[in-house]
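Peer 1: sequence and predicted model, in that order:
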Amino acid sequence: MLWSQEASITGIIINDSDQTPIHGADIYVEKLGIGTSSLVNGRFILDKLPYGDVSLTISMIGFKDLSMSFKLQNDFYDIGKVFMSMDTIQADEIIVDAHRILQTKDFVSNVNIYGKEYQKSLKASLALTLEEKTGLAIRSMGQGVTQPVLRGYTGDRFLLTEDGITAGDLSNTSIDHTVSMDMASYNKVEIIRGPEALLYGSNTIGGVIDVSRQSNPDAQFNKTSLWGLIGAESSNSSLFGNFVAYIPIKNRHQLKFSLLGREAGNQISPIGELANTSLSNQEITGSYSYFGKDYRATFSYEQIDMMYGIPGSPEGHISGVDIDLDKRTQKFNLHKDIEFLGFQALDIDQRFIDYGHTESEKGSSNPSVILDQQIFSLQSTLSGPRIKVGSLFQYRNFLTGGFYWTPDTEELNIAVFGLFEKEINNFIVQISSRAEYLTVIPDTINLWTSNLEKSQFKNRNFPIISAGIGIFRNWKNWELSFGTMLTGRTPGIEDLYSDGPHLGTYSYEIGQPTLDLEKTIGMEASLAYRTDKSQIRLTGYHNYSPNYHISAKLGDGYEPGADWIEWGSGSSGWLYIYQMQGIRSSIYGIESEFDYNVTPSIKFFGSVSAIRGENLTENTPLAYMPPDKILFSTEYDLNPVSTSITFKKVFPQTRLGEFETKTDGYFLVNLNGTYTINSSKVLHKIIFRVDNIFDQEYYNHLSRIKMIMPEKGRSFGIQYRVVF
């Protein structure tokens, strides 16, 4: 849990008498007051340890204690199998209960960000934290609203989850709805692809982005640990801080509390300040965990309040729009070891999310658009050595108010899913499937419509069958992964029944109640070559959809009621009309990246990504595809000081949809450095970064503000982390 640390130690605890894994062995670092327990397959991991001498104590009732010392000089240290011998104690019988559960084989293109890499990449939002990863891009409407783009997919064509369950906000429905997470309170991000993604949901053709506040839920503290973070950034005059306390009570009882605050002014570009882009975040979380003999139970509560601005535009609201959101989340998690029909672990996750969202014209005290939703979910999974199966029940109550006539709507979603993995002739084969049934129930009694007929508001039922197959092979220094998936995406409530202004996007949105299920079939192949000093990866993918849903502008002219409607503020007083439609589409691309360690202190990294989207119905490029990108960085690690410099080249985007405009390419240089101070009781880390060193004026193709102002200019950022 100590974010300011540097390295990780992993290994597997084995009973030397019968070679079975030992579950529940305690691994403890006395100097740091942190420990963990081995999982049902015997594996453990201790993250973010300081470089230098570290001593572990491994203990288990009925076995002799072990002490091991290491000199950590690299980010990752695998000690392999650790054999424990049974101890002689006064007891009639000793029973060692060793469980084994499926450790899913990862696709080569999966991404894991934690520890030192997470700290270096950390920015306020998820999209900004991920922006330099291969195949990732950002769509935005200023600094307050940034959303990740995975291989050209936005919205709900990939899943955004927190510890495996939906994040519960409206960021997947519109470009002006921000992701309700401040990344200063998180410490781990995973991007999951392939058949495993179907364990999370059906609409996973772009993958899954899963975030977590803790890297290991089994970690236990035997003394109070406090962690603090403060930071600042010059490009928006921002200040932020986070404080976390871990409080153990007789070891089995663990408390955690976290407070976060962030205040940022308007975004500053090389040519001036972008008005109405300030933001404010406040967050409080608390959790209680109990560690029983064969189970772990956690209750938690999270509350976040965010306010941010959308800049004005001649397309709609001259002075801009203010958005206020709040989210309350209650969670209960249970992990229990079992013996049932070959399954050896049961996990239950229950959540209730209450989310509120209002949009107001700048200067107005009354919101013009009100969006609220409550989500209740209950998920359970059973895991065995080769298989994982589960079920999900989810209820969503969507409510609207103000001048937004989308009807109040209920959704009921029931799903069953599973993944099977087996080794066959040196190949590992994964097979996954997911069956869902979604019912959409609009309120037809209290119904106000403007452009849609009342008769079009009907209950919709969507049965969804998704499946995936993955094949993996390792030989010598090579690793191959290949997969194909059939996924399904149901049209959202807004896709079906929208009928009203959306202030933040400068648009008047009209749904399409007859939209059918969006299906996509995709293929991906990755090949990697790894040695002790280097690795290189090449990935190609191709996805085809016969019914790709897009919100299309009806025109770019000046015909009242045909392509624009009288709604807005200032001298313009109008909004363009957008309506949902289905098209045939194809999205494909390539990714490549390499790492090379010249010496233990000098490292090189590079990546290339290129994405193409085709509107096959109209034989034109698919709109809003990210431009090609090349990235190269070099790191100098002179412990306790390290520094890296990154060069990023983004090419012009000239493949345009009907109402898009060309974006020029640009070249950026960023600098990053860290300084770490370790003592016996306190750990300090200072991280600084300089983005856009040469104050380059550049425009993001996927940004809705590019017609108003360029992206941020030269920016100095600093973080100070302390653990004691």
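Peer 2: Structure's in. What do you need?

Peer 1: all contacts plus neighbour counts: C-alpha atoms, from now on.
Peer 2: Fine.

Peer 1: check which residues of stretch 262-274 are buried.
Peer 2: For stretch 262-274, a neighbour-count test (16 or more other Cα atoms under 10 Å) marks 262-270, 273-274 as buried.

Peer 1: quick one: mean pLDDT over that stretch.
Peer 2: What stretch 262-274 shows for mean pLDDT is 92.

Peer 1: just grab the bridge partners of Lys553 for me.
Peer 2: Lys553 has these beta-bridge partners by DSSP bridges: Tyr578.

Peer 1: so who does Asp26 touch?
Peer 2: By Cα atoms under 8 Å, 6 or more residues apart in numbering, the contact set of Asp26 is 35-38, 57-60.

Peer 1: so what does the lengthiest helix in the chain touch, helix or strand wise?
Peer 2: The longest helix of the chain (DSSP state H) is helix 115-121. Here helix 115-121 touches strand 43-49, going by 3 or more Cα pairs under 8 Å, 6 or more residues apart in numbering; DSSP states H and E.

Peer 1: check the offset of the strand it packs on from the chain's centre.
Peer 2: Distance of strand 43-49 from the chain centroid (Cα atoms, centre = their mean, to the nearest Å) equals 21 Å.

Peer 1: likewise for stretch 649-662?
Peer 2: 26 Å.

Peer 1: quote the end-to-end distance of that stretch.
Peer 2: End-to-end distance for stretch 649-662: 17 Å, by Cα to Cα, to the nearest Å.

Peer 1: how about stretch 436-450?
Peer 2: 33 Å.

Peer 1: what residues sit buried inside it?
Peer 2: Quick answer for stretch 436-450 (16+ other Cα under 10 Å): 436, 438-444.

Peer 1: same check, this time on stretch 628-646
Peer 2: Within stretch 628-646, the residues scored as buried using 16+ other Cα under 10 Å are 628-637, 642-646.

Peer 1: and the least confident of these?
Peer 2: Least confident of these in the model: Asp637, at 86.

Peer 1: quick one: contacts for it?
Peer 2: 600-602, 643.

Peer 1: and if you look at Asp664?
Peer 2: By Cα under 8 Å, 6+ apart, the contact list for Asp664 reads 651-653, 698-699.

Peer 1: try it again with 6 Å
Peer 2: Pro652 (Cα atoms under 6 Å, 6 or more residues apart in numbering).

Peer 1: what's the answer for Ser85, then?
Peer 2: Neighbouring residues of Ser85 by Cα under 6 Å, 6+ apart: 16, 63-64.

Peer 1: 7 Å - rerun?
Peer 2: 15-16, 63-64 (Cα atoms under 7 Å, 6 or more residues apart in numbering).

Peer 1: next, the closest residue to Leu126 other than its chain neighbours: phi, psi?
Peer 2: Closest residue in space to Leu126, ignoring its immediate chain neighbours: Met183 at 6.2 Å, by Cα to Cα, 6 or more residues apart in numbering. Torsion angles at Met183 (phi, psi; degrees, to the nearest 10) stand at phi -70, psi -10.

Peer 1: neighbours of Met183, how many?
Peer 2: Residues within reach of Met183, counting by other Cα atoms under 10 Å, total 21.

Peer 1: also Glu453?
Peer 2: Glu453: 10 neighbours (other Cα under 10 Å).

Peer 1: state the distance from it to Leu279.
Peer 2: 39 Å.

Peer 1: just want the most central residue of this structure.
Peer 2: Ile209 (3.4 Å; Cα atoms, centre = their mean).

Peer 1: in the host helix or strand of that residue, what's buried?
Peer 2: Taking DSSP states H and E as the criterion, Ile209 maps to strand 208-212. Within strand 208-212, the residues that count as buried by 16+ other Cα under 10 Å are 208-212.

Peer 1: give the next helix or strand downstream of that strand.
Peer 2: Assigned by DSSP H and E, the successor of strand 208-212 is strand 220-221.

Peer 1: partners of the very next helix or strand once past that following strand in the sheet?
Peer 2: Next helix or strand after strand 220-221 toward the C-terminus (DSSP H and E): strand 225-233. Strand 225-233 sits in its sheet next to strand 238-249 (antiparallel), strand 715-723 (antiparallel), going by DSSP bridges.
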